[in-house]
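coordinates only, sequence not included:
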């Protein structure tokens, strides 16, 4: 099983990847066959290719991502984080809580993102 | 499906129940057949009776519970909260992230609690 430190390192890399404007860099953190349900209740993206496509949106964003709180339990982590995304003249602030599971190499095997449209602040 | 408001009300009631020294009051928020995996990675408690027994521990605690952040998505919520528990001369501070699912009546159908022993502050 991945250690808590390995898991926290992957989540830190995920924050940096969200800022990188590179869907490839985000997708590289996921295990083959991983799923992303974002937000929870929607149809999951399945596999690294679908995940890469989903994250293509960040390539048009000046985005910062800041980890606020993380809790690791077993091979899972739950964490609260803030993204500030600029697209054209609009700025979107989101503070989701994500739950991820990890394989033995601390690659992400699943993401479930808890947030609702009304949690987004647009300015 | 329960509304986001109903789900938030149940979580608020859960905070109050954790302060109540009554395992019955906590158990009453759960649906028949509910599960509690606390922390994630341990064997889940199954059904209201096992859940009531699990929460018997709060009956010996002067405990406060404060909701810090909640995100609702579909029939699920993820939330970060703080408990301060006094048992004898010791004070334990915990700030888990819990994920719950809810039935149509906003009764809790599952709890998964993300925290590790090293997150507990004892004084």
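Cool, got the structure. Note that the coordinates shown come from a computational prediction; the quantities given were computed from them, not determined experimentally.

Distance check, residue A:46 against chain B.
Taking C-beta to the nearest C-beta, to the nearest Å as the measure, residue A:46 and chain B are separated by 18 Å. (Each C-beta comes from the backbone N, C-alpha and C, glycine too.)

was I right about that residue contacting residue A:37?
No. At 9.9 Å, residue A:46 does not count as touching residue A:37 under the criterion of C-beta atoms under 8 Å.

Show me what the helix or strand hosting residue A:15 is packed against.
Residue A:15 belongs to helix A:4-18 when elements are defined using DSSP states H and E. Packing partners of helix A:4-18 (3 or more C-beta pairs under 8 Å, 6 or more residues apart in numbering or on different chains; DSSP states H and E): helix A:23-27, strand A:62-73, strand A:76-87, strand A:97-102.

Is it possible to get CSV of the ones you listed that adds mean pLDDT, mean neighbour count and distance to chain B?
Shown next, in CSV, are the helices and strands packed on helix A:4-18 (pLDDT from 0 to 100; neighbours: other C-beta atoms under 10 Å in any protein chain shown; distance: least, C-beta to the nearest C-beta, whole Å):
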stretch, mean pLDDT, mean neighbour count, distance to chain B
helix A:23-27, 98, 18, 20
strand A:62-73, 97, 18, 4
strand A:76-87, 97, 20, 4
strand A:97-102, 98, 24, 4
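
ok, for the most centrally placed residue in chain A, nearest residue in space, not its chain neighbours?
For chain A, the residue nearest the mean C-alpha position is residue A:14 (6.1 Å; C-alpha atoms, centre = their mean). Once flanking residues are discounted, residue A:14 sits nearest to residue A:29: 5.7 Å by C-beta to C-beta, 6 or more residues apart in numbering or on different chains.

so where's chain A uncertain?
Scanning chain A for pLDDT under 70 picks out nothing.

how far away is the residue sitting furthest away from the middle of it from residue A:119?
When distances to the mean C-alpha position of chain A are computed (C-alpha atoms, centre = their mean), the maximum falls on residue A:89, with 23.8 Å. For residue A:89, the distance to residue A:119 equals 21 Å [C-beta to C-beta, to the nearest Å].

ok so, going back, the residue nearest to the centre of chain A and residue A:28 touch, don't they?
No. Counting by C-beta under 8 Å, residue A:14 does not reach residue A:28; the two are 10.4 Å apart.

thinking again about what came up before, out of residue A:46 and residue A:37, name the residue with the larger neighbour count.
With neighbours defined as other C-beta atoms under 10 Å in any protein chain shown, residue A:46 and residue A:37 compare such that residue A:37 has more, 19 against 13.

Quick check: bridge partners of the residue nearest to residue A:61 when sequence neighbours are not counted?
Nearest non-adjacent residue to residue A:61, counting by C-beta to C-beta, 6+ apart: residue A:85, 4.6 Å away. With DSSP bridges as the criterion, residue A:85 is bridged to residue A:63, residue A:92.
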